[in-house]
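Colleague: fold the stuff below for me.
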Amino acid sequence: MLSPHPSPQMGQWWCHPKQIDTIFPLVTAKGENHPSPNFNQYVRDQGAMTDQLSRRQIREYQLYSRTSGKHVQVTGRRISATAEDGNKFAKLIVETDTFGSRVRIKGAESEKYICMNKRGKLIGKPSGKSKDCVFTEIVLENNYTAFQNARHEGWFMAFTRQGRPRQASRSRQNQREAHFIKRLYQGQLPFPNHAERQKQFEFVGSAPTRRTKRTRRPQSQT
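Modeller: Down below sits the predicted model:
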């Protein structure tokens, strides 16, 4: 057991410097500056983990390519951005994969997932469980959305002006080829965009009524 020793001065006790941290650990730690937790790293770690417990969120929309002026379509193994608005192959089913913004994109008609092979080429696969079929949605400052592959960091889904897939290794987030706009599918407009369901909320017009003038009674003169 460590014990303090009397100092040469009367009424005072002296401890060796190595004994101070052992005897008074809380006192010495109280004045230390501990680094604040890195919440950005925590969010990145949680966003990279597949959510196996929560209910998957499923959305349906089209992806409008900024360069080709058409929509992304999945016709089996072939992926292109040449579909017109409302094309059945342009209807996409987007499934959430994590708590963050990672999603899996599947063609509603072909039932093939948009994936990216090791050469950076977009292909359609019947199963989207592998990491190369997961994309991170990145909302840009110009309100466009970019899709970065989860396995190949820095590789983005991109298309040329002709609607052909661009090599992902040459694509960048700030390039027009990697910019998309989410659009509702023309064939099924959900409420409140459905025209027939909007009719019940139309205001009923009525003819304006004339405001009657208030007549004053003549005052009796006394």
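
Colleague: so what touches the longest strand seen in the chain?
Modeller: Longest strand in the chain by number of residues (criterion: DSSP state E): strand 58-65. Residues from elsewhere that reach strand 58-65 (CB atoms under 8 Å, 6 or more residues apart in numbering): 70-72, 81, 83, 85, 90-96, 105, 108, 159, 163, 179-186, 188. Heads up, the C-betas are built off the backbone N, CA and C, glycines and all.

Colleague: show me which of these are buried.
Modeller: 70-72, 81, 83, 90-96, 105, 159, 163, 179-180, 185 (16 or more other CB atoms under 10 Å).

Colleague: before we move on, the earlier item: what lies in contact with the helix or strand following the longest strand of the chain?
Modeller: From strand 58-65 onward toward the C-terminus, using DSSP states H and E, the following helix or strand is strand 71-75. Identification of contacts with strand 71-75 by CB under 8 Å, 6+ apart yields 62-65, 79-85, 87, 89-90, 92, 106-107, 109-110, 112, 114, 124, 159, 180, 183.

Colleague: show me what secondary structure element comes after strand 71-75.
Modeller: strand 78-83.

Colleague: so what touches that following strand?
Modeller: In this structure, residues lying in contact with strand 78-83 by CB under 8 Å, 6+ apart are 62-63, 65, 67-68, 70-73, 89-90, 114, 122-124, 159, 162-165.

Colleague: and if we set it to 7 Å?
Modeller: 65, 68, 70-73, 89-90, 114, 122-124, 159, 163-165 (CB atoms under 7 Å, 6 or more residues apart in numbering).

Colleague: now do stretch 148-159
Modeller: Applying CB under 7 Å, 6+ apart, the contact partners of stretch 148-159 are 65, 67-68, 81, 102, 116, 120, 122, 131-132, 134-136, 138, 146-147, 165-166, 168-169, 171-173, 175, 177-178.

Colleague: for the residue nearest to residue 139 when sequence neighbours are not counted, name its beta-bridge partners.
Modeller: Once flanking residues are discounted, residue 139 sits nearest to residue 145: 5.7 Å by CB to CB, 6 or more residues apart in numbering. Assessed by DSSP bridges, residue 145 has beta-bridge partners residue 139, residue 180.

Colleague: same question, residue 60
Modeller: residue 93.

Colleague: what of the one 5 residues further on?
Modeller: With DSSP bridges applied, residue 65 shows beta-bridge pairing to residue 180.

Colleague: what distance do you get for residue 116 to residue 87?
Modeller: Distance from residue 116 to residue 87, counting by CB to CB, to the nearest Å: 22 Å.

Colleague: those two: who's more crowded?
Modeller: residue 116 (25 against 18; other CB atoms under 10 Å).

Colleague: and that one, how far from residue 130?
Modeller: 10 Å.

Colleague: low-confidence ranges, the protein, go.
Modeller: 1-56, 98-100, 187-222 (pLDDT under 70).
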